[in-house]
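*Asks:* below is the sequence, then the predicted model.
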Amino acid sequence: MFASLPQLPADPILGLSAAFAQDTAADKVDLGVGVYKNDQGQTPILASVRAAEARRLAEETTKAYTAPGDYPGANSASQQLAFGAQHPTLRDQRLSTIQTPGGCGALRVAAELINRSQPGATVWVSLPTWGNHIPLLSGAGLQLREYPYYDAARHCIDFDRMMATLTQAEPGDLVLLHASCHNPSGADLSPEQWRSLTELAATGGFIPFIDMAYQGFGEGVEEDAFGLRLMAEQLPELVLATSYSKNFGLYRERAGSLSILSDQPSVAQAVTSQLLSITRGLYSMPPSHGAAIVDIIYHDPQLYAQWLEELTQMRERIQHLRRALVQRLNSIQSQRDFGFIQAERGMFSFLGLSVEQVQRLRHDWHIYMTDNSRINVAGLQKHSIEAVAQAIAQVL
């Protein structure tokens, strides 16, 4: 049966990680894989997470399945973190929320729900966008179209072209938006741009499909949810996929949630029943450990304060690395102003290098990044900034 299947090429990111692991150079630098790392090159377990896990293990009395839609308390934590505890959306009971296996699970379940409601619906995705958006959404049968987002030559959002293109979106189309820390560009919409986009959605009738994978990594937990909360307040429908891999450091626990905003409570109840039907046919029951950690931390004032402090430290470290890299790059070469890196947010930025230059960095200096020169800024370390800057200056 399977002999006719061809071998597929490795995923670009996973293949890059494998090549890095096989590299024996002592001074190698991994700027490719999109996970947060500290200055020792490790993805740490947060102290707040360790404390919550200890409590979880001490209090857990069963390994029976968790409820199909949630771990008790995790849904309220997800809703209040994303929308705010006093948001009218929660008060009006128009929100359906389930726990999912990570942000990927949330995206795929959302795509299945959309296709069940409107087979072959169109989702507009930013150019560029996170590479896994494409298979997760199209694999469910949705049709994808692109809208301009990042101007690589000017290293900024091409907002005028973005808005002009999205006027073509028809009522019932969905527009995939990054809540903050755009992956892969690091270029985020301003509050004013969010307002303009919300007005366009209201007049054009398209539905926002928001991916919030980095809440707290940009400007802060509240600030990074600005666009989401604005749209939820002013629009009748909205889709939100949330991941806790980054801000809680729960990568391998696959903790995420999916929230659907409907125009009335009765529709929200129907949506919840559809979500449970879809997940039953995909993975039946969600994992509980990561969701339980989010639940414990959010509902314990002391742990929540500790988590916010740890999240602030991660965010400020990334911002410091951005400033340090820009300062060093601009001090040793004059061919290009890299100031845009400092203005961007989250873990990612494009350097604007050619594929040949990226490959030279990998071959000659053992510095790894994707071929489009997207770097994970959090992969830098204090002692590696000088070498990375010197290598970039050389390939320029």
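*Replies:* That came in fine, so what should we check first?

*Asks:* walk me through the domains of this structure.
*Replies:* 12-44+313-395, 65-299 (automatic domain parsing).

*Asks:* just name the most buried of these.
*Replies:* domain 65-299 (a mean of 19; mean count of other C-beta atoms under 10 Å). Where C-beta positions appear, they are placed from N, C-alpha and C, glycine not excepted.

*Asks:* that one - what's its average pLDDT?
*Replies:* For domain 65-299, mean pLDDT rounds to 94.

*Asks:* circling back to that earlier point, just send the domains of the chain back as a markdown table, with distance to W307 too.
*Replies:* Conversion of those to a markdown table gives the following (distance: least, C-beta to C-beta, whole Å):
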| stretch | distance to W307 |
| --- | --- |
| domain 12-44+313-395 | 11 |
| domain 65-299 | 5 |
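
*Asks:* which among these is found nearest to A54?
*Replies:* domain 65-299 (9.9 Å; C-beta to C-beta).

*Asks:* so where do the strands sit in the stretch 51-200 of the chain?
*Replies:* Under the criterion DSSP state E, counting those that start in this stretch, the stretch 51-200 of the chain contains strands at 95-101, 122-127, 143-148, 150-151, 156-157, 174-178.

*Asks:* save those as CSV, and put in distance to Q42 too.
*Replies:* Formatted as CSV, the strands of the stretch 51-200 of the chain follow (distance: least, C-beta to C-beta, whole Å):
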stretch, distance to Q42
strand 95-101, 24
strand 122-127, 31
strand 143-148, 36
strand 150-151, 30
strand 156-157, 33
strand 174-178, 26
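
*Asks:* quick one, what contacts the closest residue to G339 other than its chain neighbours?
*Replies:* What sits nearest to G339 in space, not counting adjacent residues and going by C-beta to C-beta, 6 or more residues apart in numbering, is V326, at 5.8 Å. The contact partners of V326, by C-beta atoms under 8 Å, 6 or more residues apart in numbering, come to 338-339, 341-342.

*Asks:* now do the phi/psi pair for S284.
*Replies:* Backbone torsions for S284, taken as degrees, to the nearest 10, come to phi 70, psi -70.

*Asks:* kindly report the same for the one 10 residues further on.
*Replies:* Dihedral pair for V294: phi -60, psi -40, per degrees, to the nearest 10.

*Asks:* Q327 now?
*Replies:* Taking degrees, to the nearest 10 as the convention, Q327 sits at phi -60, psi -40.

*Asks:* from I385, how far out is it?
*Replies:* Here the criterion is C-beta to C-beta, to the nearest Å. By it, Q327 lies 9 Å from I385.

*Asks:* also F350?
*Replies:* For F350 relative to I385 (C-beta to C-beta), the value is 18 Å.

*Asks:* cool, W194 as well?
*Replies:* 33 Å.

*Asks:* wouldn't L238 be in contact with G227 here?
*Replies:* No - in this structure L238 lies outside contact range of G227 using C-beta atoms under 8 Å: 10.6 Å.

*Asks:* what do the two both touch?
*Replies:* Residues touching both L238 and G227 (C-beta under 8 Å, 6+ apart): I210.

*Asks:* which other residues reach stretch 56-63?
*Replies:* 289, 292-293, 296.

*Asks:* quick one on the thing from earlier: which SS class is the residue nearest to G339?
*Replies:* Recorded secondary structure, V326: helix (DSSP: H, G, I helix; E, B strand; the rest coil).

*Asks:* do you know how far it is from R195?
*Replies:* 29 Å.

*Asks:* sketch out the helices for the stretch 51-200 of the chain, chain order is fine.
*Replies:* Along the stretch 51-200 of the chain, counting by DSSP state H, counting those that start in this stretch, helices occupy 74-83, 88-91, 102-117, 133-138, 159-166, 191-204.

*Asks:* so who does the spatially most central residue of the chain touch?
*Replies:* By C-alpha atoms, centre = their mean, the mean C-alpha position of the chain lies nearest to A213, the distance being 2.7 Å. Residues near A213 by C-beta under 8 Å, 6+ apart: 103, 178-179, 181, 183, 241-243, 245-246.

*Asks:* export the contacts of stretch 56-63 to JSON lines and append columns for distance to R315 and secondary structure.
*Replies:* As requested, the contacts of stretch 56-63 are arranged in JSON lines below (distance: C-beta to C-beta, whole Å; DSSP: H, G, I helix; E, B strand; the rest coil):
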{"residue": "H289", "distance to R315": "25", "secondary structure": "helix"}
{"residue": "A292", "distance to R315": "25", "secondary structure": "helix"}
{"residue": "I293", "distance to R315": "20", "secondary structure": "helix"}
{"residue": "I296", "distance to R315": "22", "secondary structure": "helix"}
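
*Asks:* so which of those is the closest to I45?
*Replies:* Using C-beta to C-beta, I293 is the member of the contacts of stretch 56-63 that sits closest to I45, with 10.4 Å.

*Asks:* I figured the closest one hits V49, correct?
*Replies:* Yes - the pair I293 / V49 is scored as a contact, 5.8 Å apart, by C-beta under 8 Å.

*Asks:* list the residues that contact both of these two?
*Replies:* With C-beta under 8 Å, 6+ apart as the test, I293 and V49 both reach 248, 250.

*Asks:* sorry, back to before: among the contacts of V326, which ones are in helices?
*Replies:* The helices, defined by DSSP state H, take in 339, 341-342 from the contacts of V326.

*Asks:* identify the residues contacting the nearest residue to E53 once chain neighbours are set aside.
*Replies:* Among residues not flanking E53 along the chain, I293 sits closest, at 6.3 Å (C-beta to C-beta, 6+ apart). Residues near I293 by C-beta under 8 Å, 6+ apart: 49, 52-53, 56, 248, 250, 253, 255.

*Asks:* does T242 have beta-bridge partners, and which?
*Replies:* Going by DSSP bridges, T242 is paired in beta bridges with M212, S257.

*Asks:* who touches it in this structure?
*Replies:* 78, 81-82, 103, 106, 212-213, 215, 256-259.

*Asks:* likewise A51?
*Replies:* 303, 306 are the contacts of A51 under C-beta under 8 Å, 6+ apart.

*Asks:* before we move on, what about M314?
*Replies:* 36, 217, 378.

*Asks:* please apply the same query to R336.
*Replies:* Going by C-beta under 8 Å, 6+ apart, R336 touches 329, 352, 396.
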